[in-house]
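>>> the following comprises the amino acid sequence and a computationally predicted model.
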Amino acid sequence: MRISVVRKLGRTGLIYISLVIVLCVLLAASGILIPDTLKATHLLEIARQSVPLGITSLGQTLVILSGGIDLSVGEMMTLANIVGADLMRGKDEMALKAILVVSLLGLVLGGINGWVIAQTDVPPLVMTFGMGSIVKGAYLLYCGGAPKGSVSPILRTLGSGRLGIVPISPLLFLGLFGVLLFFSKRTTWGRSTFYIGNNSKAAYYAGIPTKWRLVLIYAISGLMAVFSGLILSGYIGIANFSVGGDAYNMNSVAAGVVGGNTFNGQGGLGGAVLGSLIITLLTSLMTSLGIGQAGKSVMQGVVITLMVALYTSQTDLVGKLKRFYKERGRRHVPQ
């Protein structure tokens with residue numbers, strides 16, 4: 001019976017169960033150390049804080065599943081903040097124009113990442129790191145080294161507003177997650193992400209236009225980074241260089257990896273959501289305990305390493321149980 005349950009769950013099911021257990025352990029530890037953190041208002045605030053990372057990690061996870069990595073997302077977020085706030089100037093009537101402009105920038109810059117990676121032998125890490133530097137230089141030139149402007153009231157509502165006690169931004173995140181989940185599971189273009197990550201040459205010989213799919217995947221990653229930057233801008237309210245940056249590059253990759261996603265097409269977007277919650281909750285707990293950035297980095301590294309080791313052992317366990325199940329079946333076949 002146990003073998004049958006494990007067999008049906010598979011790798012993804014076991015990983016999701018592990019992530020939920022880790023979340024519960026973190027919540028229990030937080031409640032013991034700081035009792036107020038288990039109040040509904042604080043938990044909803046954690047959910048709100050996880051939204052920018054969660055949105056970014058959705059795009060990053062698609063890139064990871066395709067066998068790549070996007071180290072330009074942090075600077076894309078900052079670009080959305082600098083350009084968006086400057087175009088809005090605190091006016092609602094300019095909000096739609098600003099959102100469309102920065103969304104187009106995210107799509108185009110992300111698409112360029114994918115196109116160069118698909119057309120050349122430039123590794124994704126090098127290409128996207130270089131794109132991040134280009135984007136940073138571009139927004140510094142754009143604002144002359146001094147960011148100016150503020151976001152519109154409607155964007156502030158989306159970033160920091162509430163419906164009763166429920167923050168609005170997590171609801172927007174769930175909507176984006178639903179759209180991308182449908183894309184990745186129910187469309188040919190989305191499902192090909194996993195095929196490309198598993199074996200890009202086999203996918204190409206199977207008739208999948210791998211180059212254009214990579215362009216789309218990286219364009220989506222750029223768009224998600226821009227959306228994340230806009231949501232964070234709505235919470236901050238002004239143009240600020242502190243939006244985005246290298247922290248989101250690393251944390252979005254960490255969220256994807258902690259969520260059980262691999263660079264060979266194994267995993268799913270649900271893991272990225274849980275991974276984002278784990279990283280946000282862990283960071284919040286360490287901040288409440290007065291742990292500095294150095295300690296946070298060490299702890300995040302430990303958690304990532306342990307989770308990956310756990311996934312590896314689970315995969316081995318599932319494989320062994322499946323082999324045992326098959327061997328047992330053969331022994332019971334009538335001769």
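All right, it came through fine. As the structure is a prediction and not an experimental result, all values here were calculated from the model. Numbers count the residues shown, from 1 in each chain.

>>> hey, where'd the helices end up in this protein?
Under the criterion DSSP state H, the chain contains helices at 2-33, 40-65, 73-88, 95-119, 124-143, 153-160, 168-186, 188-198, 200-205, 210-236, 246-258, 269-288, 293-331.

>>> among the ones you listed, where is the model least confident on average?
Looking at the helices of the chain, the lowest mean pLDDT belongs to helix 293-331 (a mean of 65).

>>> follow-up on the earlier one: want to throw the helices of the chain into CSV with mean neighbour count?
Heads up, the C-betas are built off the backbone N, CA and C, glycines and all. Formatted as CSV, the helices of the chain follow (neighbours: other CB atoms under 10 Å):
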stretch, mean neighbour count
helix 2-33, 14
helix 40-65, 24
helix 73-88, 27
helix 95-119, 20
helix 124-143, 17
helix 153-160, 19
helix 168-186, 16
helix 188-198, 19
helix 200-205, 14
helix 210-236, 26
helix 246-258, 24
helix 269-288, 22
helix 293-331, 13
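
>>> quick one: residue 255 and residue 283 touch, right?
No. The criterion here is CB atoms under 8 Å, and residue 255 misses it with residue 283 at 11.3 Å.

>>> what number of residues lie near residue 209?
By the criterion of other CB atoms under 10 Å, residue 209 has 14 neighbours.

>>> next up, phi/psi of it, please.
phi -70, psi 80 (degrees, to the nearest 10).

>>> per-residue confidence at it?
91.

>>> how far away is it from residue 271?
To residue 271, residue 209 is 27 Å away according to CB to CB, to the nearest Å.

>>> cool, residue 93 as well?
On the measure of CB to CB, residue 93 and residue 271 end up 40 Å apart.

>>> residue 173 too?
Using CB to CB, residue 173 is found at 15 Å from residue 271.

>>> also residue 220?
Separation of residue 220 from residue 271 (CB to CB) stands at 17 Å.

>>> could you pull up the residues touching the closest residue to residue 101 other than its chain neighbours?
Nearest residue to residue 101, sequence neighbours excluded (CB to CB, 6 or more residues apart in numbering): residue 87, at 6.3 Å. Under the criterion of CB atoms under 8 Å, 6 or more residues apart in numbering, the neighbours of residue 87 are 94, 97-98, 101-102, 149.

>>> out of those residues, who's nearest residue 49?
Distance to residue 49, by CB to CB, is smallest for residue 102 among those, at 22.0 Å.

>>> for that closest one, what are its contacts?
Residues in contact with residue 102, defined by CB under 8 Å, 6+ apart, are 79-80, 83-84, 87, 226, 229-230.

>>> give me that answer again for 6 Å
Residues near residue 102 by CB atoms under 6 Å, 6 or more residues apart in numbering: 80, 83-84, 226.

>>> what's stretch 296-304 in contact with?
Outside stretch 296-304, the residues touching it (CB under 6 Å, 6+ apart) are 254, 258, 286.

>>> for stretch 200-216, same thing?
Residues from elsewhere that reach stretch 200-216 (CB under 6 Å, 6+ apart): 111, 114-115, 118, 192, 195-196.

>>> likewise stretch 282-294?
Residues outside stretch 282-294 that contact it (CB under 6 Å, 6+ apart): 30, 34, 46, 296.

>>> ok, stretch 159-179 next?
For stretch 159-179, contacts defined as CB under 6 Å, 6+ apart pick out 44, 47-48, 51, 54-55, 158, 231, 234-235.

>>> before we move on, what about stretch 26-38?
Taking CB under 6 Å, 6+ apart as the rule, stretch 26-38 contacts 281, 285, 288.

>>> out of those residues, which comes closest to residue 184?
Closest approach to residue 184 among those (CB to CB): residue 281, at 24.9 Å.

>>> what about the spatially closest residue to the closest one that is not a sequence neighbour, distance to residue 50?
With CB to CB, 6+ apart as the criterion, residue 281 has its nearest non-adjacent residue at 5.0 Å, and that residue is residue 26. Counting by CB to CB, the gap from residue 26 to residue 50 is 12 Å.

>>> what's the answer for residue 285, then?
According to CB to CB, residue 285 and residue 50 sit 13 Å apart.

>>> go on, residue 146?
31 Å.

>>> try residue 275
Going from residue 275 to residue 50 by CB to CB gives 10 Å.

>>> what is the nearest of the contacts of residue 87 to residue 188?
Nearest to residue 188 among the contacts of residue 87 is residue 102, at 29.0 Å by CB to CB.

>>> for the closest one, which non-adjacent residue is spatially closest?
Sequence neighbours aside, residue 80 is the residue nearest to residue 102 in space, at 4.5 Å (criterion: CB to CB, 6+ apart).

>>> residue 49 now?
Once flanking residues are discounted, residue 49 sits nearest to residue 280: 5.4 Å by CB to CB, 6+ apart.

>>> quick revisit: now the contacts of residue 87 in a markdown table, with distance to residue 162?
Compiled in a markdown table, the contacts of residue 87 are given as follows (distance: CB to CB, whole Å):
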| residue | distance to residue 162 |
| --- | --- |
| 94 | 24 |
| 97 | 26 |
| 98 | 23 |
| 101 | 28 |
| 102 | 25 |
| 149 | 25 |
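
>>> which of the residues you listed sits closest to residue 134?
Looking across these and measuring by CB to CB, the closest to residue 134 is residue 102, at 16.0 Å.
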